[in-house]
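# 3D model of this:
(one chain, ligands or ions: 2)
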Amino acid sequence: MAATEPRHPAQPTPVADETYDVVVLGGGPTGENVADRVHAAGLSAVLVESELVGGECSYWACMPSKALLRPVTARADARQVPGLRDAVAGPLDTPAVLAHRDAFASHWNDDGQARWLDGAGIDLVRGHGRLAGPRRVAVDDGRVLTARHAVAVCTGSRPVLPDIPGLAAAKPWTSRDATSAKEVPGRLVVVGGGVVGVEMATAWRALGASVTLLVRGDGLLPRMEPFAGHLVAESLAEAGAFLRTGVEVREVRREAPGGPVTVVLAAGDEIVADELLIATGRAPRTDDLGLETVGLTPGAWLDVDDSLRVPGVTGGWLYGVGDVNHRALLTHQGKYQARIAGAAIAARARRVPILESDRWGAHTATADTAAVPQVVFSDPEAASVGLTAAQAERAGYRTRVVDQDLGAVAGASLYADGYRGRARMVVDLDREVLLGATFVGPGVGELLHSATIAVAGEIPVERLWHAVPAYPTISEVWLRLLEAYRD
Ligand SMILES: Cc1cc2nc3c(=O)[nH]c(=O)nc-3n(C[C@H](O)[C@H](O)[C@H](O)COP(=O)(O)OP(=O)(O)OC[C@H]3O[C@@H](n4cnc5c(N)ncnc54)[C@H](O)[C@@H]3O)c2cc1C
Ligand SMILES: NC(=O)c1ccc[n+]([C@@H]2O[C@H](COP(=O)([O-])OP(=O)(O)OC[C@H]3O[C@@H](n4cnc5c(N)ncnc54)[C@H](O)[C@@H]3O)[C@@H](O)[C@H]2O)c1
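Ligands and ions are numbered 1, 2, ... in the order given. Sure, this is the predicted structure:
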């Protein structure tokens, strides 16, 4: 089944002047925010978009996936509340869930976002843009846009298909199909135990598909603390999904278009399904971008410094922001980078000194390396910020790791009967500040920002002691973690 196609893109805003202060290539969440920031700083900006304004996040990633998952986690939570359990015992209303998803994907129509650009005073050019030498962007309709100060490449990423015999011919689902499919497949095989694999296995299993998750490593969510993957795997199994770890796909066959697909594992066994989702990571959208015209390598992630500028480009006019630079493939980090890059572009345009040496200054995207928050909207949710215990150890910190059973907190047991969850904080013993925190359990996504503030703010543990969590909330786990640390 093909991913839902963009519908009726709005007519482009007429472009009067082909020279701008800033040309932004790619109108996803990152590109929109770069354009907005430089425009707010008094520079003129044009945004070039080849598909839909709003990018992957709005139509085939964050928004539709979270709209599919919200009914799943809300039902799971309600089923753990005495007095409510029986009222939500039935199946999800699949047409209503899919309609809710369609609405959150704006029916794959970007009129609203194009209007926002117009209102913000940012010109929109629809078409595929390519660099055409220094400061120039050629659009496939023949026009050439020139940037006085900067070109910001915000072209994002696309799913990778591993080199498995028969895979491409079998027309597997990618994240685009998994977030936009109009029907629930009877049997779905998911390859990849990262965030996309876990979230989409959760959603489609809850909508009634028989789901088999094939994972090459030994568990799910390998970038998080190991207990996150364990708890999510346990819950997926209870939901009736089949998880196979330590397996490799050797070959894929689909004899007839629309017919069943056979997945052959390295050990020789075969799994037959109706759809196959490949969720094995992302590749940069830089292969057809004219990078070679400015001495860079097409198809590679864009290497950038902490102000999001591409080093080694004469004149320093090229920036790479968002997924395309591979620093942190998340919408909120792309938007954060856009705020930093926008400020740096505007400062350099005005010849104002850049605060490069100020780690937490306006022109340095330090949070990309020190405090990236992420919520996996599985059941239960998994939320983390900063370093895991293993990452901190690898980075050479002297650490103390403190764990707590989330279910033992009064607020958690009120939130859900039999609440299962766990929390961990990783403390840098030399500075006595948090390097990272992880929470796994129902509703923990909304708990994460407290940890992000602690990590990004480098708040001493001694001062956190005075940040009193309200009783009886799940946040009281902070008190338990700090008590355990001080004991
Ligand atoms: C299934 C899924 C779920 C996700 N869920 C979350 C989530 O819950 N939270 C979260 O933070 N992140 C999530 N992500 C990640 C998030 O989608 C990305 O980090 C985010 O979209 C990156 O934004 P971006 O603007 O850098 O790139 P994109 O959103 O990819 O936008 C790039 C834009 O550039 C355009 N473009 C590309 N090349 C050209 C060209 N040559 N000329 C003109 N235009 C071009 C594209 O059409 C696109 O519109 C999810 C990802 C997936 C796959
Ligand atoms: N809620 C969220 O924040 C959210 C949701 C979805 C996606 N995202 C972002 O989108 C990005 C892409 O997600 P993703 O899940 O595709 O990538 P990922 O990198 O998170 O996970 C991909 C997984 O596939 C495995 N893999 C790679 N090649 C394989 C192969 N040939 N066979 C079997 N397994 C293989 C990897 O070991 C890895 O565990 C992530 O970086 C994530 O940050 C975020």
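# for the residue nearest to Leu448 when sequence neighbours are not counted, helix, strand, or coil?
Nearest residue to Leu448 in three dimensions, chain neighbours excluded: Ala383, at 4.1 Å (Cβ to Cβ, 6 or more residues apart in numbering). Using the backbone N, CA and C atoms, a C-beta is placed for each residue, glycine as well. On the three-state scheme (DSSP: H, G, I helix; E, B strand; the rest coil), Ala383 is labelled strand.
# separation between Ala383 and ligand 1?
Counting by Cβ to the nearest ligand atom, to the nearest Å, the gap from Ala383 to ligand 1 is 11 Å.
# And Asp305, by the same measure?
17 Å.
# Neighbours of that residue, how many?
Neighbour count of Asp305, defined by other Cβ atoms under 10 Å: 16.
# give the contact list for the residue nearest to Leu448.
Residues near Ala383 by Cβ atoms under 8 Å, 6 or more residues apart in numbering: Pro373, Gln374, Val375, Val376, Thr438, Phe439, Val440, Val444, Gly445, Leu447, Leu448, Ala451.
# in the stretch 251-400 of the chain, which spans are strands?
261-265, 270-273, 275-278, 282-284, 318-320, 373-376, 381-386, 399-405 (DSSP state E, counting those that start in this stretch).
# which parts of the last one are buried?
By that I understand strand 399-405. Using 16 or more other Cβ atoms under 10 Å as the test for burial, strand 399-405 gives Thr399, Val401, Val402, Gln404.
# partners of that strand in the sheet?
Strand 399-405 sits in its sheet next to strand 422-428 (antiparallel), going by DSSP bridges.
# The partner strand - what's its average pLDDT?
Here strand 422-428 scores 98 as its mean pLDDT.
# angle of it against strand 381-386?
0 degrees (axes from the mean of the first three to the mean of the last three Cα atoms, to 10 degrees).
# so where do the helices sit in the stretch 201-350 of the chain?
Counting by DSSP state H, counting those that start in this stretch, the stretch 201-350 of the chain has helices at residues 226-238, 331-349.
# Show me the contact partners of the shortest one.
In this structure, residues lying in contact with helix 226-238 by Cβ under 8 Å, 6+ apart are 193, 198, 201-202, 205, 211, 213, 219-222, 243, 376, 378-380, 382, 384, 420-422, 424, 438, 440-441.
# Buried members of those into ChimeraX, please.
Typed into ChimeraX, the line below selects the buried ones among those, using 16+ other Cβ under 10 Å:
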select :193,198,201,202,205,211,213,219,220,221,243,376,378,379,380,382,384,420,421,422,424,438,440,441
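# Just give the nearest non-adjacent residue to the residue nearest the centre of the chain, would you?
Nearest to the geometric centre of the chain sits Leu330, at 3.4 Å (Cα atoms, centre = their mean). Closest residue to Leu330 apart from its sequence neighbours, by Cβ to Cβ, 6+ apart: Gln374 at 6.1 Å.
# Domain boundaries for the chain, per the record?
19-60+105-159+283-367, 168-280, 380-486 (automatic domain parsing).
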